[in-house]
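> Sequence and computational prediction follow.
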Amino acid sequence: MIGIYFSGTGNTRFCVDKFLKYYNKDAVRCSYAIEDKAALTKLKDNKDIVLGYPIYYSDLPIIMKDFIQDNQALFRGKNVFIIVTMGLFSGDGAGCAARLLRKYGANILGGLHLKMPDCIGDVKLLKKPLEENREIVRKADAKIKAAVEAVWQGHYRRDGLGIISHAAGLFGQRLYFYNKTVRLRDKLKIDGEKCVSCGKCATLCPMGNIKMTDSRPTTCGNCTSCYRCISNCPKQAITLIGSTVLEQSTIEKYIDTE
Ligand SMILES: Cc1cc2nc3c(=O)[nH]c(=O)nc-3n(C[C@H](O)[C@H](O)[C@H](O)COP(=O)(O)O)c2cc1C
């Protein structure tokens, strides 16, 4: 089994890696970010896939939706287990990709929903003390381990795949936030006063949305709302939904060193 994932601030990468570590029982790297060129070759060559992504407003990130649609032929006949991370609630997080993938001929093995630290660093809602976030990550780790043990017993969890979850995602959030991430596409703000033109944001952006023009970062209206640039800017100069950076969320802060 291999992993293909998108992860803005590292939560989903952590969860997919953990799942595969428990499942494959070895340390060999077997998960690939969708921005990584190797992801497509690995997707072609493997039948059993763990697909991971964070949930944004009870929906798929734009970059993940595009990846599935652009590579739909590669999913035909694949067995896919879906891992979704979220700050609080996603309803049918796994169902969002499952419906697309079934349409393209994939077989959905199951779904796993994991509560992880909230990554929206410029909005106060859902902010938690560091130790609480660390505890959330420990709990997610335990849930992943239990989910893998269940797989060994022949049982795949089915989080977010039923009709009740579908209604919860749709009526609980998606309708209310309809197309919210599309509307955020051109809303990334870079504070020119704070920015020191280090170029880190441009290097990290998975969408190529930030370009260095005359040594200054400029945006191209193609943001996927992943908060990677916001969480890594050394001057806290970037915001998206809010107007001040309150916290820079990266998984490294929340994991115990092993
Ligand atoms: C634009 C945006 C929208 C989000 N919407 C939701 C949501 O609807 N429900 C939820 O529980 N978490 C939501 N989150 C939180 C993320 O899903 C969560 O922090 C996730 O674990 C981040 O994963 P990553 O580090 O792999 O990017 C949202 C995050 C962002 C950036």
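The structure has been received and is ready for your questions. Residues are numbered from 1 along each chain as shown.

> can you give me the strands for the stretch 101-250 of the chain?
Assigned by DSSP state E, counting those that start in this stretch, the strands in the stretch 101-250 of the chain fall at 107-115, 189-190, 210-213, 216-219, 238-239.

> deepest of those, which one?
Burial among the strands of the stretch 101-250 of the chain, expressed as mean neighbours by mean count of other CB atoms under 10 Å, is greatest for strand 238-239, which shows a mean of 24. Every C-beta, even on glycine, is put in place using the N, C-alpha and C of the backbone.

> anything in it near the ligand?
No - residues of strand 238-239 are not located near the ligand by CB under 6 Å from any ligand atom, the shortest gap being 12.0 Å.

> what comes up buried for the longest helix anywhere in the chain?
Of all the segments assigned as helix in the chain under DSSP state H, the longest by residue count is helix 130-152. Neighbour-count burial for helix 130-152 flags Asn133, Arg134, Ile136, Val137, Ala140, Asp141, Lys143, Ile144, Ala147, Val148, Val151 (criterion: 16 or more other CB atoms under 10 Å).

> Likewise for stretch 182-202?
Across stretch 182-202, burial judged by 16+ other CB under 10 Å covers Leu184, Arg185, Leu188, Ile190, Cys195, Lys200, Cys201, Ala202.

> Am I right that the second one is in contact with Thr219?
No - checked against CB atoms under 8 Å, the pair Arg185 and Thr219 is beyond contact range at 9.6 Å.

> Show me what the strand or helix carrying Ile49 packs onto, helices and strands only.
In the assignment (DSSP states H and E), Ile49 maps to strand 48-54. Under the contact criterion of 3 or more CB pairs under 8 Å, 6 or more residues apart in numbering; DSSP states H and E, strand 48-54 touches strand 2-5, helix 11-24, strand 79-86, helix 93-103.

> Close to the ligand: what parts of this structure are there?
With CB under 6 Å from any ligand atom as the criterion, the chain meets the ligand at residues 7-12, 54-58, 85-90, 116, 118-120, 173, 181, 225-227.

> which among those end up buried?
Using 16+ other CB under 10 Å, the buried ones in the residues of the chain next to the ligand are 7-12, 54-58, 85-87, 90, 116, 118-120, 173, 181, 225-227.

> Surely Ser165 and Gly91 touch.
Yes - shown here, Ser165 and Gly91 form a contact pair, counting by CB under 8 Å, at 5.4 Å.

> Pull the contacting residues for the closest residue to Lys44 other than its chain neighbours.
The spatial neighbour of Lys44 that comes closest, neighbours along the chain excluded (CB to CB, 6 or more residues apart in numbering), is Leu74 at 5.8 Å. Contact analysis of Leu74 by CB atoms under 8 Å, 6 or more residues apart in numbering lists Leu40, Leu43, Lys44.
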